[in-house]
Each structure stands twice: as structure tokens, then as C-alpha cells.
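S.K.: test case, fold it:
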Amino acid sequence: QVQLVESGGGLVQAGGSLRLSCAASGRISSINTMRWYRQAPGKQRELVAVLTSGGTTNYADSVKGRFTISRDNAKNTVYLQMNSLQPEDTAVYYCNADIVTYNSGRYSNNYWGQGTQVTVSS
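M.R.: Below is the predicted model:
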């Protein structure tokens, strides 16, 4: 069984920063692409940032230049550094990853974390 556990959310004033973490645990052989999504109240879940195992990153236009995704492969952890936060960044942030386990052979399965709340006050 694989678990993704996010942390680092909270309440911050506009212009502030937060760093989200997402640690994967379980019988993990390797982790391929890791992602951060967010979902604001009344809105669809949207992809915020992507980081492949090869180091390629991609960001939503709304966060480019402000957010940075990174990973620590030794810790099976992905991070999202969020700077210059704005009220419109308020959402529940979810970690998502394609993970190969010792039970899945060569194939990865997709896993989600439980989410962490980020609230930005104006």
C-alpha cells in the first residue's frame, strides 16, 4: 500500500510564502512523474505543477514565476515552494504521483494525497 501525505499548508497573508511537502511511503520501487493540483471552493481541480523523473518541469500559467516544484528522490518527497501568494491561490492542494511498487512490476499506478489547505488573506 502506498500513501502520499502532504504537509505545510496554512494561513498566510498576500505576498507571503509557503512550502508544501508530500512524502510517499510504502513498498515503493520508483517514482515517475510527481504533480501538484489544487481545488478552490466551487471550482474544478486544476494542475499546478509537474516534475518528471528526468527533471522536466511544467507550470500552470497562473503560477509561473511564483511557484517552484522540486523533489528529493532519496526521501520520496516532492515540494512546492509558493512565493508571492495571492488570495486567488487559496485552495486545497493535492499531491499526485505515478509510482512503481514492488508488487506492480514495471508498471506505475497513480496515487493521490489527502490534500492540505492553503488560505491566503488579502
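
S.K.: verify the contact between T116 and L20 for me.
M.R.: Yes - the criterion here is CB atoms under 8 Å, and T116 meets it with L20 at 6.2 Å. In short, each C-beta sits where N, CA and C put it, glycine included.

S.K.: who's more crowded, the two?
M.R.: Applying other CB atoms under 10 Å to T116 and L20 shows that L20 carries more neighbours, namely 25 against 22.

S.K.: mutual contacts of T116 and L20, please.
M.R.: Here T116 and L20 have 6-9, 93 as joint contacts, going by CB atoms under 8 Å, 6 or more residues apart in numbering.

S.K.: among the residues you listed, which ones are buried?
M.R.: 6, 8-9, 93 (16 or more other CB atoms under 10 Å).

S.K.: pull the most distant pair out of the residues you listed.
M.R.: Pairwise distances across the buried ones among the shared contacts of T116 and L20 (CB to CB) peak at 8.8 Å, for the pair G8 and Y93.

S.K.: give me the phi and psi for the spatially most central residue of the chain.
M.R.: Among the residues of the chain, the one closest to the centroid is W36, at 2.9 Å (CA atoms, centre = their mean). Phi and psi for W36, reported as degrees, to the nearest 10, are phi -120, psi 130.

S.K.: secondary structure class for the residue of the chain positioned farthest from its centre?
M.R.: Within the chain, the residue lying farthest from the chain centre (CA atoms, centre = their mean) is G105, at 24.9 Å. In three-state terms, and counting by DSSP: H, G, I helix; E, B strand; the rest coil, G105 is coil.

S.K.: and the residue lying closest to S53 once chain neighbours are set aside, what element?
M.R.: Sequence neighbours aside, N32 is the residue nearest to S53 in space, at 5.0 Å (criterion: CB to CB, 6 or more residues apart in numbering). Here N32 is covered by strand 28-39, with elements defined by DSSP states H and E.

S.K.: pLDDT on that strand, on average?
M.R.: Per-residue pLDDT over strand 28-39 has a mean of 96.

S.K.: in its sheet, which strands sit next to that strand, and in what direction?
M.R.: As defined by DSSP bridges, the strand partners of strand 28-39 come to strand 46-51 (antiparallel), strand 91-101 (antiparallel).
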